[in-house]
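Asker: Next one to model:
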Amino acid sequence: MKTVHAIIVCTGLTLASCTGTRNSTGWTTTAQSSPQRLEKDLHQRALRFWTAKAAEDWNTVFDYQYEPDMRARLVKEEFADWSSKNDPLKVQNFSLGRLSIDGDLGWVEVEYRSTVRRYPDFEPREARLWQKWRHSKDGWFPIPQEDLDSYPESPVLRDAVLEQGLRERFDQTFQARLVRDWKRLYDMTDPRDRETVTFDMYVEAEELFEYLSCQVEWVEVIKEFGRVRVNYRHKVTDKSLEKLGAKDGILTERWVLIDNQWYRDLKRR
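Answerer: The predicted model follows:
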């Protein structure tokens, strides 16, 4: 039961009632600058960051990689010394491509050529990525590696029409959960998952919590795969744990498009 609970609740949960998105991604703009100014600033920041990275100017990388509150908790010299010996890639050259901005989020297309630091004799490789950035009162900073999954991919890579359909399907699950229609919810899960997650197992996991409210942060669709990022408030239904009260949490729910219909993907991590 513990495994089933982790599959259904921790990686694929929806909630009883939900408010609308704040904007297309869910991220509210704190910056007062115009979109053109924000885009120019992001391009300049990304250019300086990657120029310093290619030059292995780790002191400058430190300043552009970490926001002030994080820099205050770190030692620049230690970062520079560690990076010069352990940063996995040695960037030989790079170029910046397209930029996208949505609220406080930005994405920069980067093409680069690099070698592996530990294996300098290996042939250089070329790669392309959409680097995720976040804007704050202190300007643009790249989103840390450990937080990347908490933010959507660039709108350039996504399907806005399918995202609207996924959001509507997601809202249907709220209505079903509101009236505790477990059969309907179960029918909205990936049919392939039902081979190992039976209806009884599913219901047992769903009934562990009561969900009070939620807010969708963003909806993302790339090809046939979707993700919905949700802030939620919930409480356990176990009477012996009533004193715990309601708690807030956040999760990313995964979906898959099958025969033009969205289903909750219980297994994909």
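Asker: avg pLDDT for the helix or strand harbouring Val61?
Answerer: For Val61, the element it lies in under DSSP states H and E is helix 58-65. In this model, helix 58-65 has a mean pLDDT of 98.
Asker: And for the stretch of helix or strand Tyr263 belongs to, what's in contact with it?
Answerer: Element membership for Tyr263 (DSSP H and E) is strand 261-264. Contacts of strand 261-264 with the rest of the structure, by Cβ atoms under 8 Å, 6 or more residues apart in numbering, involve 12, 14, 165-166, 169-170, 173, 188-191, 226, 253-257. Yep, even glycine has a C-beta here, placed from its N, CA and C like the rest.
Asker: Tell me the buried residues in stretch 39-51?
Answerer: Under the neighbour-count criterion of 16 or more other Cβ atoms under 10 Å, stretch 39-51 has Glu39, Asp41, Leu42, Arg45, Ala46, Phe49, Trp50 buried.
Asker: if you skip the residues just before and after it, what's nearest to Leu89?
Answerer: With Cβ to Cβ, 6 or more residues apart in numbering as the criterion, Leu89 has its nearest non-adjacent residue at 4.3 Å, and that residue is Ser114.
Asker: Quick check: which helices or strands does the helix ranked longest in the chain pack against?
Answerer: For the chain, the helix that runs over the most residues, judged by DSSP state H, is helix 35-55. Judged by 3 or more Cβ pairs under 8 Å, 6 or more residues apart in numbering; DSSP states H and E, the packing partners of helix 35-55 are helix 58-65, strand 89-102, strand 105-116, strand 125-136, strand 139-142.
Asker: can you redo the ones you listed as JSON lines with mean neighbour count?
Answerer: Below are the helices and strands packed on helix 35-55 laid out as JSON lines (neighbours: other Cβ atoms under 10 Å):
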{"stretch": "helix 58-65", "mean neighbour count": "18"}
{"stretch": "strand 89-102", "mean neighbour count": "16"}
{"stretch": "strand 105-116", "mean neighbour count": "19"}
{"stretch": "strand 125-136", "mean neighbour count": "15"}
{"stretch": "strand 139-142", "mean neighbour count": "19"}
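Asker: Of all the ones you listed, which one comes closest to Ala160?
Answerer: Nearest to Ala160, of all these, is strand 89-102, at 11.2 Å by Cβ to Cβ.
Asker: Alpha carbons of the closest one, as PDB, please.
Answerer: Taking Å, rounded to 0.1, in the frame of the first residue of the first chain, the C-alpha atoms of strand 89-102 are listed here in PDB:
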ATOM      1  CA  LEU A  89      32.500  20.600 -18.600                       C
ATOM      2  CA  LYS A  90      35.000  23.000 -20.200                       C
ATOM      3  CA  VAL A  91      33.000  25.300 -22.500                       C
ATOM      4  CA  GLN A  92      35.100  26.100 -25.600                       C
ATOM      5  CA  ASN A  93      32.600  28.300 -27.300                       C
ATOM      6  CA  PHE A  94      28.900  29.200 -27.300                       C
ATOM      7  CA  SER A  95      26.200  31.200 -29.000                       C
ATOM      8  CA  LEU A  96      22.900  32.500 -27.700                       C
ATOM      9  CA  GLY A  97      19.700  32.000 -29.700                       C
ATOM     10  CA  ARG A  98      16.100  32.700 -29.100                       C
ATOM     11  CA  LEU A  99      14.700  34.200 -25.800                       C
ATOM     12  CA  SER A 100      11.300  33.800 -24.200                       C
ATOM     13  CA  ILE A 101       9.900  35.700 -21.300                       C
ATOM     14  CA  ASP A 102       6.600  35.000 -19.400                       C
END
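Asker: which secondary structure elements does it contact?
Answerer: Under the contact criterion of 3+ Cβ pairs under 8 Å, 6+ apart, strand 89-102 touches helix 35-55, strand 105-116.
Asker: Go through the ones you listed and name the closest to Asp181.
Answerer: Of the helices and strands packed on strand 89-102, nearest to Asp181 by Cβ to Cβ is strand 105-116, at 35.0 Å.
Asker: what about the closest one, distance to the chain center?
Answerer: Mean-position distance between strand 105-116 and its chain equals 18 Å (Cα atoms, centre = their mean, to the nearest Å).
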